[in-house]
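*Asks:* build me a structure from this.
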Amino acid sequence: MRTHRLISTGALALVLLTGCGTAGAPGAGSPGTASSPASAASPTAATPTATTATPSTAPEAAAALESAYVEVIGRVLPSIVQINTRDGLGSGVVYDDAGHIVTNAHVVGDATTFQVTLATGGAPRRARLVSSFPLGDLAVIKVDDPSGLAPATFGDSSKLRVGQIVLAMGNPLGFSGSVTQGIISALGRTVTEPQERGSPGATITDAIQTSAAINPGNSGGALVNLSGEVIGIPTLVAADPQTGGGTAQGLGFAIPSNTAKDIAQQIITKGEVTNTRRAALGVRVQTVVGRGGMPAGVGIVEVIRGEAAARAGIRTGDVITAIDGTPTPTTQELSEALAAHKPGDRVRVDLQRPDGSTTSVTVTLGELKQD
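*Replies:* Presented below is the predicted three-dimensional model:
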């Protein structure tokens, strides 16, 4: 079983929710880091509900809620699968009746073929990779034999509200078809994964924070509302390095369903992601270490010809110290600052030149592309 040292940028780190033992066996997760600026939810969004009756007593209300849980689990769980690779296991959600399954890019890693097991049982089925989108930690695989698959219903994550009851479904530690419950704790989080094999350090925008317990092996599964809609893809859980790196249950993060649907549809129809909807400077960078060994900015290793930075006069050897006044001491902070913008936005980039002088330039951001 692989183990990892957690990386901390404050009180918490993050753990990828993929089982990392041998295929089909429980395993440990992988570490990451996070920044968590919250955004307010729409006050007019409707809260999904599984029942319309109004129970008159507390026991009736409890029975109605219990009935809603049972009904939703029975309807959605057949859409959740376990994905095994030679390096570990994760979860996936059946997207359509053609056999496409949505999961995390870090679940598939470098693999191109998989064994998929349904929550309802049966022999494992062979699946192949359609395409992976590591920049957003999403991927689509396709089962060779789609017979009997039950596609999930994906909801509109733009209508979510803090406090809604949600269920996390997946295969934590290899326990197939597990379900936990909680609420949406916050919306609009920005979380950044570690850079390691199978995970290039994706920055996930508008992430859903949930109190539903999620563990290694839950990656790529489903966060579900009480209307039986998939509203997120569980991906990360926080860990506290001060307690030896143990996961902080009740502090997990999911990719919004609208993002998952957008990326999945591009992959299915075009074979790849052609529009990332992410802003980019058009540079290759590395963190620059200053006095005392502390990060001091993001050094420009290469300026891509014809891209946003080149048009604005940014040069190789420059060090980016801030975006629109937000300090960027590391590549992670730079990614998170850019994640708050869209292609076409104009931003102020503060630079330190190789001769020690400082300047600011205005950049019209381009679109982030996969290498």
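
*Asks:* in the stretch 251-371 of the chain, which spans are strands?
*Replies:* Ranges of strands in the stretch 251-371 of the chain, per DSSP state E, counting those that start in this stretch, are 279-280, 283-289, 295-303, 319-323, 326-327, 346-352, 358-364, 366-367.

*Asks:* what does the first one contact?
*Replies:* The reference is to strand 279-280. Residues outside strand 279-280 that contact it (Cβ atoms under 8 Å, 6 or more residues apart in numbering): 307-308, 338-339, 341-343, 345, 365-369. (Each C-beta comes from the backbone N, C-alpha and C, glycine too.)

*Asks:* dump the strands of the stretch 251-371 of the chain to a markdown table, plus mean neighbour count, distance to Leu65 and mean pLDDT.
*Replies:* As requested, the strands of the stretch 251-371 of the chain are exported to a markdown table (neighbours: other Cβ atoms under 10 Å; distance: least, Cβ to Cβ, whole Å; pLDDT from 0 to 100):
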| stretch | mean neighbour count | distance to Leu65 | mean pLDDT |
| --- | --- | --- | --- |
| strand 279-280 | 21 | 42 | 93 |
| strand 283-289 | 17 | 48 | 93 |
| strand 295-303 | 19 | 48 | 94 |
| strand 319-323 | 22 | 45 | 96 |
| strand 326-327 | 14 | 43 | 94 |
| strand 346-352 | 18 | 47 | 97 |
| strand 358-364 | 13 | 51 | 97 |
| strand 366-367 | 18 | 45 | 93 |
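
*Asks:* same list (the ones you listed) but as JSON lines, adding distance to Phe154.
*Replies:* Below are the strands of the stretch 251-371 of the chain laid out as JSON lines (distance: least, Cβ to Cβ, whole Å):
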{"stretch": "strand 279-280", "distance to Phe154": "25"}
{"stretch": "strand 283-289", "distance to Phe154": "35"}
{"stretch": "strand 295-303", "distance to Phe154": "36"}
{"stretch": "strand 319-323", "distance to Phe154": "33"}
{"stretch": "strand 326-327", "distance to Phe154": "33"}
{"stretch": "strand 346-352", "distance to Phe154": "32"}
{"stretch": "strand 358-364", "distance to Phe154": "33"}
{"stretch": "strand 366-367", "distance to Phe154": "24"}
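
*Asks:* for the protein, give me the ranges with low pLDDT.
*Replies:* 1-55, 194-200, 239-248, 371 (pLDDT under 70).

*Asks:* check contacts around Val94.
*Replies:* When contacts are taken as Cβ under 8 Å, 6+ apart, Val94 is in contact with 79-81, 100-101, 149-152.

*Asks:* filter those residues to the buried ones?
*Replies:* With neighbours counted using 16 or more other Cβ atoms under 10 Å, the contacts of Val94 contain these buried positions: 79-81, 100-101, 149, 151-152.

*Asks:* circling back: tabulate the contacts of strand 279-280 in CSV, adding columns for distance to Val230.
*Replies:* Formatted as CSV, those follow (distance: Cβ to Cβ, whole Å):
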residue, distance to Val230
Glu307, 35
Ala308, 35
Leu338, 28
Ala339, 23
His341, 28
Lys342, 25
Pro343, 27
Asp345, 30
Leu365, 31
Gly366, 32
Glu367, 27
Leu368, 25
Lys369, 28
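
*Asks:* of those, buried ones?
*Replies:* For those, buried by 16+ other Cβ under 10 Å: 307-308, 338-339, 341, 343, 365-368.

*Asks:* max pairwise distance over these: which two?
*Replies:* Pairwise distances across those (Cβ to Cβ) peak at 17.5 Å, for the pair Glu307 and Ala339.

*Asks:* let me know the closest of the contacts of Val94 to Ala127.
*Replies:* Taking Cβ to Cβ as the measure, Ile101 is the one of these closest to Ala127, at 6.9 Å.

*Asks:* please identify the helix or strand for the closest one.
*Replies:* strand 100-103 (DSSP states H and E).

*Asks:* got a list of contacts for that strand?
*Replies:* Outside strand 100-103, the residues touching it (Cβ under 8 Å, 6+ apart) are 81, 83, 90-95, 116, 127, 130, 138-143, 219-220, 233, 260, 264, 268.

*Asks:* list the neighbouring strands of it plus their orientation.
*Replies:* Strand 100-103 has the following sheet partners, assigned by DSSP bridges: strand 89-94 (antiparallel), strand 138-143 (antiparallel).

*Asks:* tell me the most buried of the ones you listed?
*Replies:* Most buried of the strands paired with strand 100-103, by mean neighbour count (mean count of other Cβ atoms under 10 Å): strand 89-94, with a mean of 30.
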